[in-house]
Each structure stands twice: as C-alpha cells, then as structure tokens.
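J.: Okay, here's the prediction I keep looking at, along with the sequence it came from:
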There are 2 protein chains.
Amino acid sequence: MKFDPASLRYNDKGLIPAIAQDATSGEVLMMAWMNAEAVAKTLETGRVTYWSRSRQSFWIKGETSGHIQTLRDFRVDCDRDCLLVMVDQVGAACHTNRRSCFYTAVEDGVEVEKMAPMA
Amino acid sequence: MKFDPASLRYNDKGLIPAIAQDATSGEVLMMAWMNAEAVAKTLETGRVTYWSRSRQSFWIKGETSGHIQTLRDFRVDCDRDCLLVMVDQVGAACHTNRRSCFYTAVEDGVEVEKMAPMA
C-alpha cells in the first residue's frame, strides 16, 4: 500500500510523536514531534525533520549543530499515532550534548545521571 | 535528588508519553501514556502501568493478556516531558499479538509489514 502522511493520526495540534533510535546500537536517543509535512520531508530527504513546537517551524535535526540524523528505517505503529525512526546519529542527539536525552534514571526513588556530555 | 512524579511536564490532559523498550534486545516495543499516578504506580510496583485514554482508567500492562512488563530501568528525558521504560516483556507488547507495535515500515513510499503475529 502506498504510504500517505495524511493517513497518520495526528493530535489536535496536527502533530505525531516520533521516537529516534540509533540504528546501530539500538539506543533510544530522543522523542520529538512531526507534522504531516515533516513526515513527508523526512521520507523525501532522508534527513530526519521534526516540527519545533517552541519555534513553530521545521527543525531539520542537526542543521545548525551538525548533529544530523540520517534515516535508515521509518516505522509506523499499530494505531498509526506514533512513529519510530531508526537513524545514523552524528554526535549528540540531545541539546545538552549528551548522546541521548534519556540520561536521567530513577533508582530507588532518587534521580541519577547516567551519561556525561560528549567531549 | 529525590524523584517526584509531579516534577514531570505533563500535557494539557495531564499525560506524558512513555516509550517501552525491551531491556535485553533494545527493541522499541510500544509507546503509551502515563499520568502522575501511573508513574508513581510503575515505580512502586515494578509493573509498568499506563493511563488508558480510551478507557480513562489505569492500564496495568498485561493484567488481562498476561503480557506484563516488568520495569528494569526508568528514564526521564532532558525536558522532563517524555519517559523511557526499559522492561522485561512477556509475550507480545502489541494488541495485534506482535512483539512490537512498530511492525509497519515505509520503504520507497510503500508500507511493508516487517513482523508477523506471535504463535
């Protein structure tokens, strides 16, 4: 079946969550949002493109930082309301310069930092 | 720092997305939503508990299907508006009886099923 970005289920702001996973290591790197046009751009260009809710504009990941995400595999979930993009990640996915945004663990009720910023 | 579920950033419906990842294989299994009380229950019980938006009730994953998720690692992202739970998954995470909800790939503009239901 031909894929149509309009066939996805977007929230009331026209957005769908997209999980980015390292295609090689399997590490979950970040979660951000796409609108239908960002989905189309991601598939057309092979460069993962989100919609920035704070800036209200397209966010071609790495465009300013150089920390680009090259699309390797694009997945839609069973309910068509969440995406998984498997990527080749250059450098840090997180704006804190850590490889992943999920660097804070909760262990025995306490927050523990599990990852240092990249050199 | 002591972890407080109220310190997370919930959306206007009081929910936060939670990504479930297989703690062993690294496979991303599903994404669902939690409210602050589901977060607390998940941490207290070690059984991953979501908030069902369709049923408007707690959803102790696997309570009826037996496909439970035992919490191995609980992560908070940099913006505190997304969670990653690493789990031991019994059986299928997806209601279609597939291991993962992300079984549909988009390849060259066409949808391709990458995973069969479990036996």
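T.: Here it is on my side, so go on. Numbering: from 1, shown residues only, chains lettered A, B, ... in the order given.

J.: Quick check: residues of chain A near chain B?
T.: A:1-3, A:17, A:19, A:21, A:25-28, A:30-31, A:43, A:73-79, A:82, A:84, A:94-96, A:98, A:101-107, A:109-111, A:114 (C-beta under 8 Å from any C-beta of the partner chain). Backbone N, C-alpha and C define where each C-beta goes, glycine included.

J.: First-to-last residue distance for stretch A:99-119?
T.: 11 Å (C-alpha to C-alpha, to the nearest Å).

J.: Buried residues, it. List them.
T.: For stretch A:99-119, burial by neighbour count (16 or more other C-beta atoms under 10 Å in any protein chain shown) applies to A:R99, A:S100, A:C101, A:F102, A:Y103, A:T104, A:A105, A:V106, A:M115.

J.: Likewise for stretch A:72-90?
T.: A:F74, A:R75, A:V76, A:D77, A:C78, A:C82, A:L83, A:L84, A:V85, A:M86, A:V87, A:Q89.

J.: And for stretch A:40-56?
T.: A:A40, A:K41, A:T42, A:L43, A:R47, A:V48, A:T49, A:Y50, A:W51.

J.: cool, and stretch A:14-28?
T.: Buried, per 16+ other C-beta under 10 Å, within stretch A:14-28: A:L15, A:I16, A:P17, A:A18, A:I19, A:A20, A:Q21, A:D22, A:A23, A:E27, A:V28.

J.: Specify the beta-bridge partners of the fifth one.
T.: With DSSP bridges as the criterion, the beta-bridge partners of A:I19 are A:M31, A:L84.

J.: That one contacts B:M31, doesn't it?
T.: Yes - using C-beta atoms under 8 Å, A:I19 is in contact with B:M31, at 6.6 Å.

J.: Restricted to helices, list the residues of chain A next to chain B.
T.: A:L43 (DSSP state H).

J.: coming back round to it: strands - which of the buried residues of stretch A:72-90 land there?
T.: A:F74, A:R75, A:V76, A:L83, A:L84, A:V85, A:M86, A:V87, A:Q89 (DSSP state E).

J.: Just give the nearest non-adjacent residue to the third one, would you?
T.: Spatial nearest neighbour of A:V76, chain neighbours left out: B:T104 (4.5 Å); criterion: C-beta to C-beta, 6 or more residues apart in numbering or on different chains.
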